[in-house]
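*Asks:* below: sequence and its predicted model.
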Amino acid sequence: MAIIIDGKALAVKCKEEVRTAVDAMARKPGLAVILVGENPASQVYVRNKQKDCQECGIHSEEFVLPADYGQPALLTLIAELNQREDIDGILCQLPLPEGYGYDEEAVLLAIDPSKDVDAFHPYNVGKIMIGDPSFLPCTPAGVMKMLDEYHIDVDGKHCVVVGRSNIVGKPMAMLLLHRNGTVTVCHSHTPDLAAVTRQADILVSAVGKRNTITADMVKEGAVVIDVAMNRNEQGKLCGDVDFAEVEKIASYITPVPGGCGPMTRAILMENTLHAAVAHGK
Ligand code: GUN
(Lines give C-alpha, C1' and ligand atoms only; values in the text may rest on other atoms or scores of the structure.)
Protein backbone atom coordinates (compact mmCIF):
# COMPACT_ATOMS: atom_id res chain seq x y z
CA MET A 1 0.00 0.00 0.00
CA ALA A 2 1.19 3.48 -0.84
CA ILE A 3 2.28 6.02 1.73
CA ILE A 4 -0.31 8.78 1.75
CA ILE A 5 1.24 12.21 1.31
CA ASP A 6 -0.32 14.45 3.94
CA GLY A 7 -0.60 17.82 2.19
CA LYS A 8 -2.90 19.12 4.87
CA ALA A 9 -0.35 18.62 7.66
CA LEU A 10 2.49 20.04 5.56
CA ALA A 11 0.38 23.09 4.71
CA VAL A 12 -0.17 23.73 8.42
CA LYS A 13 3.60 23.65 8.92
CA CYS A 14 4.21 26.02 5.97
CA LYS A 15 1.61 28.47 7.22
CA GLU A 16 3.11 28.42 10.72
CA GLU A 17 6.44 29.41 9.19
CA VAL A 18 4.75 32.26 7.32
CA ARG A 19 3.04 33.34 10.55
CA THR A 20 6.36 33.44 12.40
CA ALA A 21 7.92 35.59 9.67
CA VAL A 22 4.89 37.89 9.50
CA ASP A 23 4.84 38.36 13.28
CA ALA A 24 8.39 39.73 13.05
CA MET A 25 7.45 42.33 10.42
CA ALA A 26 6.78 45.96 11.24
CA ARG A 27 4.17 46.23 8.48
CA LYS A 28 1.96 43.26 7.70
CA PRO A 29 1.69 41.85 4.17
CA GLY A 30 -1.58 42.59 2.39
CA LEU A 31 -3.42 40.39 -0.13
CA ALA A 32 -6.29 41.56 -2.34
CA VAL A 33 -8.53 38.81 -3.69
CA ILE A 34 -10.90 39.65 -6.52
CA LEU A 35 -13.88 37.44 -7.23
CA VAL A 36 -16.12 38.33 -10.16
CA GLY A 37 -19.46 36.53 -10.41
CA GLU A 38 -20.85 33.64 -8.43
CA ASN A 39 -18.95 30.51 -9.44
CA PRO A 40 -19.56 28.25 -6.39
CA ALA A 41 -16.12 26.60 -6.52
CA SER A 42 -14.45 30.02 -6.72
CA GLN A 43 -16.49 31.21 -3.75
CA VAL A 44 -15.13 28.30 -1.69
CA TYR A 45 -11.55 28.98 -2.81
CA VAL A 46 -11.83 32.65 -1.92
CA ARG A 47 -13.31 31.90 1.50
CA ASN A 48 -10.46 29.48 2.20
CA LYS A 49 -7.85 32.00 1.12
CA GLN A 50 -9.30 34.53 3.53
CA LYS A 51 -9.07 31.96 6.34
CA ASP A 52 -5.44 31.24 5.43
CA CYS A 53 -4.62 34.95 5.59
CA GLN A 54 -6.14 35.18 9.06
CA GLU A 55 -4.06 32.20 10.22
CA CYS A 56 -0.89 33.75 8.81
CA GLY A 57 -1.48 37.27 10.13
CA ILE A 58 -1.77 38.60 6.57
CA HIS A 59 -4.13 41.50 5.94
CA SER A 60 -6.69 40.39 3.37
CA GLU A 61 -9.21 42.35 1.38
CA GLU A 62 -11.89 40.73 -0.69
CA PHE A 63 -13.51 42.35 -3.69
CA VAL A 64 -16.64 40.36 -4.45
CA LEU A 65 -18.02 41.85 -7.64
CA PRO A 66 -21.12 41.16 -9.71
CA ALA A 67 -20.69 39.21 -12.96
CA ASP A 68 -21.56 42.32 -14.98
CA TYR A 69 -18.92 44.48 -13.23
CA GLY A 70 -17.20 44.75 -16.60
CA GLN A 71 -13.65 44.67 -17.94
CA PRO A 72 -12.98 48.45 -17.76
CA ALA A 73 -14.06 48.70 -14.11
CA LEU A 74 -12.06 45.58 -13.26
CA LEU A 75 -8.93 47.06 -14.87
CA THR A 76 -9.49 50.30 -12.93
CA LEU A 77 -9.71 48.37 -9.66
CA ILE A 78 -6.49 46.49 -10.47
CA ALA A 79 -4.74 49.78 -11.31
CA GLU A 80 -5.79 51.14 -7.90
CA LEU A 81 -4.56 48.02 -6.10
CA ASN A 82 -1.26 48.22 -8.02
CA GLN A 83 -0.74 51.68 -6.52
CA ARG A 84 -1.60 50.81 -2.93
CA GLU A 85 1.37 50.36 -0.61
CA ASP A 86 -0.58 48.26 1.89
CA ILE A 87 -1.39 45.67 -0.79
CA ASP A 88 1.48 43.32 -1.69
CA GLY A 89 -0.41 40.65 -3.58
CA ILE A 90 -3.29 40.77 -6.03
CA LEU A 91 -5.17 37.66 -7.04
CA CYS A 92 -8.02 37.66 -9.50
CA GLN A 93 -9.85 34.37 -9.18
CA LEU A 94 -10.22 32.53 -12.48
CA PRO A 95 -12.22 31.75 -14.49
CA LEU A 96 -13.92 35.10 -15.08
CA PRO A 97 -17.62 34.76 -15.93
CA GLU A 98 -18.44 34.03 -19.55
CA GLY A 99 -20.65 36.23 -21.67
CA TYR A 100 -19.64 39.60 -20.20
CA GLY A 101 -16.71 40.40 -22.47
CA TYR A 102 -13.94 39.70 -19.98
CA ASP A 103 -10.44 39.29 -21.38
CA GLU A 104 -8.52 37.13 -18.90
CA GLU A 105 -5.18 37.71 -20.58
CA ALA A 106 -5.57 41.48 -20.32
CA VAL A 107 -6.53 41.16 -16.66
CA LEU A 108 -3.46 39.09 -15.85
CA LEU A 109 -1.27 41.56 -17.77
CA ALA A 110 -2.72 44.45 -15.76
CA ILE A 111 -1.53 43.08 -12.42
CA ASP A 112 1.83 44.54 -11.35
CA PRO A 113 4.26 41.60 -11.72
CA SER A 114 5.68 42.39 -8.26
CA LYS A 115 2.19 41.76 -6.82
CA ASP A 116 1.36 38.77 -8.99
CA VAL A 117 1.26 36.14 -6.22
CA ASP A 118 -0.39 33.62 -8.57
CA ALA A 119 2.60 33.92 -10.95
CA PHE A 120 0.23 34.19 -13.92
CA HIS A 121 1.62 37.39 -15.48
CA PRO A 122 3.60 36.61 -18.66
CA TYR A 123 6.69 38.21 -17.07
CA ASN A 124 6.53 35.79 -14.15
CA VAL A 125 5.64 32.87 -16.42
CA GLY A 126 8.78 33.68 -18.42
CA LYS A 127 10.89 33.84 -15.27
CA ILE A 128 9.61 30.38 -14.29
CA MET A 129 10.42 29.12 -17.78
CA ILE A 130 14.06 30.23 -17.57
CA GLY A 131 14.45 28.92 -14.03
CA ASP A 132 14.73 32.28 -12.27
CA PRO A 133 11.30 32.65 -10.65
CA SER A 134 10.22 35.70 -8.65
CA PHE A 135 7.08 33.88 -7.59
CA LEU A 136 6.55 30.15 -7.73
CA PRO A 137 3.32 28.91 -9.34
CA CYS A 138 1.19 27.89 -6.34
CA THR A 139 -0.04 24.42 -7.23
CA PRO A 140 3.16 23.13 -8.87
CA ALA A 141 5.30 24.59 -6.06
CA GLY A 142 3.03 22.87 -3.54
CA VAL A 143 3.63 19.58 -5.33
CA MET A 144 7.42 20.10 -5.26
CA LYS A 145 7.28 20.85 -1.55
CA MET A 146 5.39 17.62 -0.89
CA LEU A 147 7.95 15.64 -2.92
CA ASP A 148 10.74 17.25 -0.91
CA GLU A 149 9.03 16.61 2.41
CA TYR A 150 8.82 12.89 1.59
CA HIS A 151 12.40 12.84 0.19
CA ILE A 152 11.20 11.87 -3.27
CA ASP A 153 14.03 12.66 -5.65
CA VAL A 154 13.08 13.94 -9.10
CA ASP A 155 16.55 13.83 -10.68
CA GLY A 156 16.60 11.41 -13.62
CA LYS A 157 13.04 10.23 -13.03
CA HIS A 158 10.46 10.00 -15.78
CA CYS A 159 7.81 12.52 -14.77
CA VAL A 160 4.52 12.36 -16.66
CA VAL A 161 2.20 15.35 -16.34
CA VAL A 162 -1.34 14.83 -17.58
CA GLY A 163 -2.89 18.19 -18.48
CA ARG A 164 -1.34 21.24 -20.10
CA SER A 165 -3.10 24.19 -18.48
CA ASN A 166 -1.26 27.44 -17.85
CA ILE A 167 -2.18 27.21 -14.16
CA VAL A 168 -0.89 23.70 -13.46
CA GLY A 169 0.30 21.45 -16.30
CA LYS A 170 2.80 23.73 -18.03
CA PRO A 171 4.43 25.26 -14.92
CA MET A 172 4.45 21.80 -13.26
CA ALA A 173 6.44 20.45 -16.19
CA MET A 174 8.92 23.34 -15.85
CA LEU A 175 9.53 22.82 -12.12
CA LEU A 176 10.09 19.08 -12.64
CA LEU A 177 12.41 19.81 -15.56
CA HIS A 178 14.44 22.24 -13.43
CA ARG A 179 14.95 19.38 -10.97
CA ASN A 180 16.37 17.25 -13.78
CA GLY A 181 13.29 15.12 -14.31
CA THR A 182 12.66 13.73 -17.78
CA VAL A 183 9.27 15.26 -18.41
CA THR A 184 6.45 14.16 -20.69
CA VAL A 185 3.30 16.27 -20.93
CA CYS A 186 0.12 14.45 -22.01
CA HIS A 187 -3.17 16.03 -22.99
CA SER A 188 -6.49 15.40 -24.70
CA HIS A 189 -4.79 14.64 -28.04
CA THR A 190 -2.39 12.05 -26.62
CA PRO A 191 -3.44 8.87 -28.49
CA ASP A 192 -2.56 6.14 -25.95
CA LEU A 193 -2.49 7.87 -22.58
CA ALA A 194 -2.08 4.65 -20.58
CA ALA A 195 1.01 3.66 -22.58
CA VAL A 196 2.68 6.90 -21.48
CA THR A 197 1.45 7.05 -17.87
CA ARG A 198 2.66 3.46 -17.32
CA GLN A 199 6.20 4.74 -17.92
CA ALA A 200 5.96 7.32 -15.15
CA ASP A 201 8.08 7.17 -12.02
CA ILE A 202 6.26 10.32 -10.95
CA LEU A 203 2.76 10.80 -12.34
CA VAL A 204 0.98 14.13 -11.92
CA SER A 205 -2.64 14.35 -13.03
CA ALA A 206 -4.23 17.75 -13.51
CA VAL A 207 -7.16 17.09 -15.81
CA GLY A 208 -10.30 17.72 -13.76
CA LYS A 209 -12.11 14.50 -14.69
CA ARG A 210 -12.53 11.66 -12.25
CA ASN A 211 -11.15 8.21 -13.03
CA THR A 212 -8.76 9.69 -15.61
CA ILE A 213 -6.05 7.60 -13.94
CA THR A 214 -7.00 4.00 -13.20
CA ALA A 215 -4.80 1.29 -11.67
CA ASP A 216 -3.89 -0.24 -15.06
CA MET A 217 -2.30 3.08 -16.03
CA VAL A 218 0.15 3.16 -13.14
CA LYS A 219 3.51 1.44 -12.85
CA GLU A 220 4.20 -0.53 -9.65
CA GLY A 221 5.91 1.77 -7.15
CA ALA A 222 5.15 5.04 -8.96
CA VAL A 223 4.57 8.29 -7.09
CA VAL A 224 1.07 9.55 -7.92
CA ILE A 225 0.11 13.19 -7.45
CA ASP A 226 -3.53 14.13 -7.94
CA VAL A 227 -3.99 17.84 -8.50
CA ALA A 228 -7.65 17.75 -9.48
CA MET A 229 -10.70 18.67 -7.46
CA ASN A 230 -13.84 17.00 -8.83
CA ARG A 231 -17.08 15.75 -7.38
CA ASN A 232 -18.49 12.24 -7.75
CA GLU A 233 -22.18 11.33 -8.20
CA GLN A 234 -22.76 11.69 -4.46
CA GLY A 235 -21.29 15.18 -4.56
CA LYS A 236 -18.20 14.07 -2.63
CA LEU A 237 -14.83 15.64 -3.48
CA CYS A 238 -12.55 13.43 -5.53
CA GLY A 239 -9.55 13.80 -7.81
CA ASP A 240 -8.58 12.41 -11.22
CA VAL A 241 -7.14 9.22 -9.75
CA ASP A 242 -9.05 6.08 -8.79
CA PHE A 243 -7.55 6.35 -5.32
CA ALA A 244 -8.82 3.06 -3.83
CA GLU A 245 -7.22 0.96 -6.59
CA VAL A 246 -4.15 3.06 -7.34
CA GLU A 247 -3.02 3.24 -3.70
CA LYS A 248 -2.48 -0.54 -3.86
CA ILE A 249 0.14 -0.07 -6.60
CA ALA A 250 1.78 3.31 -5.98
CA SER A 251 4.62 3.95 -3.52
CA TYR A 252 3.27 7.40 -2.60
CA ILE A 253 -0.06 9.03 -3.37
CA THR A 254 -1.78 12.31 -2.57
CA PRO A 255 -5.38 12.18 -1.32
CA VAL A 256 -8.22 14.43 -2.47
CA PRO A 257 -9.08 16.33 -0.39
CA GLY A 258 -6.05 16.85 1.85
CA GLY A 259 -3.24 16.73 -0.72
CA CYS A 260 -2.52 19.39 -3.32
CA GLY A 261 -5.34 21.79 -2.36
CA PRO A 262 -4.07 22.87 1.06
CA MET A 263 -0.52 23.09 -0.30
CA THR A 264 -1.59 25.39 -3.15
CA ARG A 265 -3.06 27.78 -0.60
CA ALA A 266 0.02 27.56 1.64
CA ILE A 267 2.27 28.58 -1.26
CA LEU A 268 -0.01 31.55 -1.92
CA MET A 269 0.68 32.67 1.64
CA GLU A 270 4.43 32.21 1.11
CA ASN A 271 4.23 34.21 -2.11
CA THR A 272 2.39 37.02 -0.38
CA LEU A 273 5.06 37.08 2.32
CA HIS A 274 7.80 37.16 -0.33
CA ALA A 275 6.04 40.00 -2.14
CA ALA A 276 5.89 42.00 1.08
CA VAL A 277 9.60 41.40 1.72
CA ALA A 278 10.39 42.45 -1.85
CA HIS A 279 8.30 45.60 -1.26
CA GLY A 280 10.55 46.43 1.70
CA LYS A 281 8.22 45.49 4.56
N1 GUN B 1 -8.61 29.26 -10.47
C2 GUN B 1 -8.25 27.99 -10.21
N3 GUN B 1 -7.08 27.96 -9.56
C4 GUN B 1 -6.71 29.24 -9.40
C5 GUN B 1 -5.58 29.85 -8.79
O6 GUN B 1 -4.67 29.20 -8.26
N7 GUN B 1 -5.57 31.21 -8.83
C8 GUN B 1 -6.54 31.94 -9.41
N9 GUN B 1 -6.41 33.25 -9.42
N10 GUN B 1 -7.58 31.40 -9.99
C11 GUN B 1 -7.66 30.06 -9.97
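*Replies:* Arrived safely, thanks for sending.
*Asks:* and residue 35, which of the three is it?
*Replies:* Of the three states, residue 35 takes strand according to DSSP: H, G, I helix; E, B strand; the rest coil.
*Asks:* mind listing what it touches?
*Replies:* Taking C-beta atoms under 8 Å, 6 or more residues apart in numbering as the contact definition, residue 35 lies against 42-43, 46, 62-65, 93. Where you see a C-beta, it was placed from the backbone N, CA and C, and this is true even at glycine.
*Asks:* restricted to helices, list these.
*Replies:* 42-43, 46 (DSSP state H).
*Asks:* how many other residues sit next to the residue of the stretch 151-281 of the chain found nearest the ligand?
*Replies:* For the stretch 151-281 of the chain, the residue closest to the ligand is residue 167, as judged by C-beta to the nearest ligand atom, at 5.4 Å. Using other C-beta atoms under 10 Å, residue 167 has 19 neighbouring residues.
*Asks:* just give the closest residue to it, not the sequence neighbours.
*Replies:* residue 139 (6.7 Å; C-beta to C-beta, 6 or more residues apart in numbering).
*Asks:* verify the contact between the one you found and residue 175 for me.
*Replies:* No - with contact defined as C-beta atoms under 8 Å, residue 139 does not count as touching residue 175 (10.1 Å).
*Asks:* now the top helix by length along the chain: buried residues?
*Replies:* As assigned by DSSP H, the longest helix anywhere in the chain is helix 260-278. Residues 260-276 are the ones in helix 260-278 that count as buried (16 or more other C-beta atoms under 10 Å).
*Asks:* give me the residue from the protein nearest the ligand.
*Replies:* residue 94 (3.7 Å).
*Asks:* please report phi then psi for that residue.
*Replies:* As for residue 94, its main-chain torsions (degrees, to the nearest 10) stand at phi -110, psi 150.
*Asks:* residues contacting it?
*Replies:* By C-beta under 8 Å, 6+ apart, the neighbours of residue 94 are 42, 104, 120, 167.
*Asks:* do residue 181 as well
*Replies:* By C-beta under 8 Å, 6+ apart, the neighbours of residue 181 are 154-159, 202.
*Asks:* any idea whether the nearest residue to it once chain neighbours are set aside is helix, strand or coil?
*Replies:* The shortest distance from residue 181 to any non-neighbouring residue, by C-beta to C-beta, 6+ apart, is to residue 159 (3.9 Å). What three-state DSSP gives for residue 159 is strand.
*Asks:* ok, residue 159 - how many residues close by?
*Replies:* Residues lying near residue 159 (other C-beta under 10 Å) number 25.
*Asks:* please give me every residue in contact with it.
*Replies:* Contact analysis of residue 159 by C-beta under 8 Å, 6+ apart lists 173, 176, 181-184, 200-204.
*Asks:* just the buried ones from those residues?
*Replies:* Buried among the contacts of residue 159 by 16+ other C-beta under 10 Å: 173, 176, 181, 183-184, 200-204.
*Asks:* still on that earlier bit, and the residue of the stretch 151-281 of the chain closest to the ligand, that's in a helix?
*Replies:* No - using three-state DSSP, the assignment for residue 167 is coil, not a helix.
*Asks:* residue 137 is in contact with that one, correct?
*Replies:* Yes - look at residue 167 against residue 137 with C-beta under 8 Å: they come within range, at 7.4 Å.
*Asks:* check whether stretch 216-234 comes near the ligand.
*Replies:* No - using C-beta under 6 Å from any ligand atom, stretch 216-234 never reaches the ligand; the gap is at least 9.0 Å.
*Asks:* if you drop the residues flanking it in sequence, what lies closest to residue 175?
*Replies:* Excluding the flanking residues, the one nearest residue 175 by C-beta to C-beta, 6+ apart is residue 140, at 4.8 Å.
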